[in-house]
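**Q** Next come a sequence and a model predicted from it.
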Amino acid sequence: MPEDTLPIYSVTPFTMLDFPGRTACIVWFSGCNMRCGYCHNPQIVKGKGRGTAAEVLAFLEKRQGLLDGVVLSGGEASVYPGLPAFIRQVRDMGYAVKLDTNGLRPDIVQAFLDDGFLDYVALDYKAPPEKFKKVTGIRKYEDFSATLSLLCGQKTVPFEVRTTVHTALMDENDVCAIMRDLEDRGYDRTYYIQNFRADNDRPTLAALSKQERELDCRSLPAGKNFHVEFRNFDTLT
Ligand code: SF4
């Protein structure tokens, strides 16, 4: 698939929140290799591209000097063979690149690290092994685990690990299991725990009902070598 046929769903033209230290735009790719029940972007996951890489590149050309970063999100951008050529053109324009990924393509992440394609990675740690299928709809924890290992084993590209929690799917024990695993792997950055937020009452991918309760953040231990940050929890405000 050449880069001009990348299935781009939309572009968020400006964000100061999604790429640490950068003023960025977000490119949303259609399609995903997971089926998370809580996904609030079913229209992106199941949808087709509505725009082209050429349109995004034209947009980026106009924003040179105003933005300095591009976030590749979705959906899951890493599944597309045309992505490397697209990233190369984005970088040639002087933009830094952040990849948001579910980690199912360690081969791609490794290749991108080797090629110096990435300035930041946000990796979703969806669930511990025994819950991975329940949360994501697929049994590929080992692939995710390989991506986490390779990111933890390098010091060149900053990255973050984050987990979205819908308490119909995950509980405090599951989050503790993830934290223990991060400790075992020597993770020493910030671990973000995000509360699931319904998006304008739009149905999620698995039409999950609203959470009956939020995760009890106060019952979680502190991270040993990493900082824990909570996002979107009403019970903490
Ligand atoms: S939440 Fe899951 S299904 Fe939705 S885009 Fe992310 S990885 Fe894909």
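**A** Looks like it arrived, so ask away.
**Q** got the residues of the protein near the ligand?
**A** Proximity of the chain to the ligand (Cβ under 6 Å from any ligand atom) is limited to residues 32, 34, 35, 36, 39, 41, 45, 74, 75, 76, 102, 205. (Each C-beta comes from the backbone N, C-alpha and C, glycine too.)
**Q** Now for the third one, how many residues are close by?
**A** To tie it back to what came earlier, the one meant is residue 35. 15 (other Cβ atoms under 10 Å).
**Q** still on that earlier bit, which ones among the residues of the chain next to the ligand are found in helices?
**A** residue 45 (DSSP state H).
**Q** Of the residues of the chain next to the ligand - the most surrounded one?
**A** Using other Cβ under 10 Å as the neighbour criterion, residue 75 leads the residues of the chain next to the ligand with 28 neighbours.
**Q** May I have the worst-scoring helix or strand of the chain on mean pLDDT exported as PDB, CA atoms only?
**A** In the chain, the helix or strand scored least confidently by mean pLDDT, DSSP states H and E is helix 42-45, which has a mean of 92. Extracted C-alpha coordinates of helix 42-45, given in PDB (Å, rounded to 0.1, in the frame of the first residue of the first chain):
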ATOM      1  CA  PRO A  42     -15.900   2.500  16.500                       C
ATOM      2  CA  GLN A  43     -16.500   4.800  13.600                       C
ATOM      3  CA  ILE A  44     -12.700   5.000  13.200                       C
ATOM      4  CA  VAL A  45     -11.900   1.400  13.900                       C
END
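**Q** Now do the same contact list for the spatially most central residue of the chain.
**A** Taking Cα atoms, centre = their mean, the centroid of the chain lies closest to residue 100, which sits 3.4 Å from it. With contact taken as Cβ atoms under 8 Å, 6 or more residues apart in numbering, residue 100 is in contact with 71, 72, 73, 74, 77, 122, 124.
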